[in-house]
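J.: fold the following.
(one chain, ligands or ions: 1)
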Amino acid sequence: MSKSDSSSFVAKDIKNKPLRVAVLVSGSGSNLQVLIDAMQSGKLPIEIVGVISNRADAYAITRAQQAHIPVAIFSHTDSGKRMTIKTFERHASVQLQDWQPDLIVLAGFMRVLSSDFINNVPAPMINLHPSLLPAYKGLDTHQRVITAGERYHGCSIHVVTAELDAGAVLTQALLSLSAKDNAASLQKRVQKLEHQLLPWTILLIAKQVISLDTLSFTNNDYLPSLPLKLFLDN
Ligand code: GRF
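T.: Coordinates of the predicted model:
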């Protein structure tokens, strides 16, 4: 299926059914945990149909297993040999085709995916990025923000496209920097924002308030254009 067809997966009749979500992870999975908790409490109308990890030691795997969610591990360091991104993508594609998600969420997934994979996934894919995009694409965002003397920082949720961290931004959460902030404190503060922004954005997608077809609000008579920005200072 081509990229242009993929958005129809969200446009289909999902209003009364939980949104089928697949999550790709590499690390601790605190964002995955927030989604699991929201799903289990009935606050978020989703079904996490599976979790893919590219690291066998990711704590996210334990979180998924504890919630009885199917897990697929395609470790990039198995048997001491680095798995190429192509091999990872081949396995991940088969797995995603099997799970048939409506939405794919990269939540702390730390490998760069190829345009071929991105253009052929069976559902729209979104990524959580720890900066106010388009500023500070890539890694080490917290330190770079401090070094640059920025007043504001935060996180963004954007559609994944072939260009790294460059797809349409759907939502952002902002905080203001304090003189006491360092990279570690900022990381904690931004992660708190992520834990609010991610379920909230998925709720807007599940309820079809945000259309991934048109990359706008579905009923945009009264709503501003995307990205929606929340000032969630903490
Ligand atoms: C998040 O803070 C995200 O910004 C970054 O990776 C982290 C993932 O955290 N890309 P977790 O695995 O969800 O705890």
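
J.: any idea how far residue 150 lies from residue 25?
T.: From residue 150 across to residue 25, the span is 28 Å (C-beta to C-beta, to the nearest Å). The way it works is simple: take the backbone N, C-alpha and C, and place the C-beta from them, glycine included.

J.: then residue 89?
T.: Distance, residue 89 to residue 25, by C-beta to C-beta: 16 Å.

J.: residue 169 too?
T.: Using C-beta to C-beta, we find residue 169 at a distance of 21 Å from residue 25.

J.: neighbour count: these two, which is higher?
T.: Using other C-beta atoms under 10 Å, the more surrounded residue of residue 169 and residue 25 is residue 25, with 26 against 20.

J.: contact partners for the more buried one?
T.: By C-beta atoms under 8 Å, 6 or more residues apart in numbering, the residues touching residue 25 are 32, 51, 52, 53, 58, 60, 61, 107, 108, 109.

J.: bridging residues for it?
T.: Using DSSP bridges, the bridge partners assigned to residue 25 are residue 53.

J.: burial of the residue of the chain found nearest the ligand, as a residue count?
T.: As assessed by C-beta to the nearest ligand atom, the ligand sits closest to residue 108 within the chain, at 2.5 Å. Number of residues near residue 108 (other C-beta under 10 Å) recorded here: 22.

J.: pretty sure it sits in a helix.
T.: No. Applying DSSP: H, G, I helix; E, B strand; the rest coil, one finds residue 108 to be coil, outside a helix.

J.: show me what the longest helix anywhere in the chain is packed up against.
T.: The residue-count maximum for a helix in the chain (DSSP state H) belongs to helix 183-206. When contacts are defined as 3 or more C-beta pairs under 8 Å, 6 or more residues apart in numbering; DSSP states H and E, helix 183-206 packs onto strand 19-25, helix 30-40, strand 103-106, strand 125-129, helix 141-147, strand 152-159, strand 169-176, strand 228-231.

J.: want to throw the ones you listed into a markdown table with mean pLDDT and distance to the ligand?
T.: Below are these laid out as a markdown table (pLDDT from 0 to 100; distance: least, C-beta to the nearest ligand atom, whole Å):
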| stretch | mean pLDDT | distance to the ligand |
| --- | --- | --- |
| strand 19-25 | 98 | 6 |
| helix 30-40 | 98 | 3 |
| strand 103-106 | 98 | 8 |
| strand 125-129 | 98 | 5 |
| helix 141-147 | 98 | 8 |
| strand 152-159 | 98 | 6 |
| strand 169-176 | 97 | 11 |
| strand 228-231 | 93 | 16 |
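
J.: need the contact list for the residue lying closest to residue 170 once chain neighbours are set aside.
T.: Distance criterion C-beta to C-beta, 6 or more residues apart in numbering; nearest residue to residue 170, sequence neighbours excluded, is residue 157 at 5.1 Å. With contacts defined as C-beta under 8 Å, 6+ apart, residue 157 is in contact with 126, 127, 128, 129, 169, 170, 171, 172, 197, 198, 201.

J.: got the residues of the chain near the ligand?
T.: 27, 28, 29, 30, 31, 60, 107, 108, 128, 130, 191, 194 (C-beta under 6 Å from any ligand atom).

J.: which positions in stretch 160-180 come out as buried?
T.: Neighbour counts over stretch 160-180 (16 or more other C-beta atoms under 10 Å) mark 160, 161, 165, 167, 169, 170, 171, 172, 173, 174, 175, 177 as buried.

J.: same thing with stretch 70-77?
T.: Buried residues in stretch 70-77 (16+ other C-beta under 10 Å): 71, 72, 74, 76.

J.: any idea how many residues pack against residue 97?
T.: Using other C-beta under 10 Å, residue 97 has 13 neighbouring residues.
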